[in-house]
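Undergrad: Structure, please.
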Amino acid sequence: MKEENGIVREADIECTFTLMINESSFKPGRVRVHLPAPVNAEWLYMGQVLTSAPAFRMISIEDHPQRSTWFDEVLEENRPFSVTYAFESAPEAIVPDIGEINRTSQPGRAIGPALIRQYEEKNHCDCSSYTGPLADKVTVMDLASETAIKVPSREEAARILGLTHEEVAKFFGDRAENTGDLINLVFRFCANHTAGSVAEVSDGAPESRNILLVMLMRALGVPARWQGGFRIKEGTAAPADWAIVNVAPYGWIYMDAEAAHEAFEAGNRELAEFYFGGIDALRIPTASKIGAGLYPARDYKRSDEKYNLFGEVEFEERGLGADEFSTSVTVKVQ
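TA: Take a look at the predicted model:
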């Protein structure tokens, strides 16, 4: 493991996903299980599957938008399903220069989901228009449908950010200058904002800040993609997500408004600034698109139709709900 200034830059990671059906829900017979698997990312060397118990039947290709390992077993007695992966993680960190971004033409600087989608690499995160009014009761999670992150109008996004008429003219004039200032404003808003209408962060939804960041970037004409999975902290792996934003002249760079918020709250401004252009190596990405299907396809509705964090279980006659099984993630970092 390579660490600089308290930030893990490189790491060798082993992660084990384990799923166990509750005894009250188990029945002998055929059981099909999907367990999360690390998706392909430019900063990962995927390595290999070290162990699997029982032996898995199939694993999705590395760039499947919600990758999984699939088991198909006939069980007489209840038993855990587990799989261990090993990989190397070394994401590149960029320190964006706001002035340089302002001076550079932004190729994706076009308002509207259809145009932004042209610049989103491999369409990993589809976007759709949000047509309803953003009333005070609307939360960030209402804007993340089961298949996409919705995009409000430019005017709605400006209202969420609290932009003045002068600032709107500055950011959205005929020449569309000052994109660097706009990107910086959106990131800091998502990292620092804690209450108020659509920007309110829902309890129990750690991904809200970064979904908000992706949604606002797109609404304001900046291509952005979402990626989700786990973040390793204090020896455990917790659900997390982050954003990948297209910023010329740097290309796709990372942003994590949630991690930046934690750092700001802890008074660590230097660490918070790092997440504007970088993420640490202690990440296990398991999804690059909200609502993507699993492979092989399930016969029944998933217990979690948006993300790929806890696994899925189905019997011959029905799928199990999230309260009928439990999943754990253990990690080793070197």
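Undergrad: Now the residue of the chain positioned farthest from its centre: phi and psi?
TA: Here the chain reaches farthest from its C-alpha mean at residue 76, the gap being 37.4 Å by Cα atoms, centre = their mean. Torsion angles at residue 76 (phi, psi; degrees, to the nearest 10) stand at phi -90, psi -30.
Undergrad: For the nearest residue to it once chain neighbours are set aside, give me its contacts.
TA: Take residue 76 and drop its neighbours on the chain: the residue closest to it by Cβ to Cβ, 6 or more residues apart in numbering is residue 28, 5.1 Å away. In this view, the C-beta of every residue, glycine as well, is placed from N, C-alpha and C. By Cβ atoms under 8 Å, 6 or more residues apart in numbering, the contact list for residue 28 reads 75-77.
Undergrad: if I look at the residue farthest from the centre of the chain, how far off is residue 320?
TA: Using Cβ to Cβ, to the nearest Å, residue 76 is found at 18 Å from residue 320.
Undergrad: and stretch 246-260, how far apart are its ends?
TA: Stretch 246-260 has an end-to-end distance of 19 Å (Cα to Cα, to the nearest Å).
Undergrad: my bad, should have said stretch 275-292
TA: End-to-end span of stretch 275-292 (Cα to Cα): 26 Å.
Undergrad: mean confidence score for it?
TA: What stretch 275-292 shows for mean pLDDT is 92.
Undergrad: same thing with stretch 92-103?
TA: Across stretch 92-103, pLDDT averages out at 92.
Undergrad: before we move on, what about stretch 155-164?
TA: 79.
Undergrad: Does anything pack onto the strand ranked longest in the chain? Which helices or strands?
TA: Ordering each strand of the chain by length in residues (DSSP state E) puts strand 7-21 first. Of the remaining helices and strands, those touching strand 7-21 by 3 or more Cβ pairs under 8 Å, 6 or more residues apart in numbering; DSSP states H and E are strand 2-4, strand 29-36, strand 81-89, strand 325-333.
Undergrad: Looking at those strands, which is nearest to residue 260?
TA: Residue 260 lies closest to strand 2-4 among these, at 17.8 Å (Cβ to Cβ).
Undergrad: In its sheet, which strands sit next to the helix or strand hosting residue 69, and in what direction?
TA: Assigned by DSSP states H and E, residue 69 falls within strand 68-75. Partners of strand 68-75 in the sheet, by DSSP bridges, are strand 29-36 (antiparallel), strand 58-59 (antiparallel).
Undergrad: So what's the gap between stretch 5-13 and the chain middle?
TA: Distance, stretch centre to chain centre, for stretch 5-13: 20 Å (Cα atoms, centre = their mean, to the nearest Å).
Undergrad: Let me see the residues that make contact with it.
TA: 1-3, 86-91, 93, 232, 270-271, 274, 278, 280-282, 284, 331-334.
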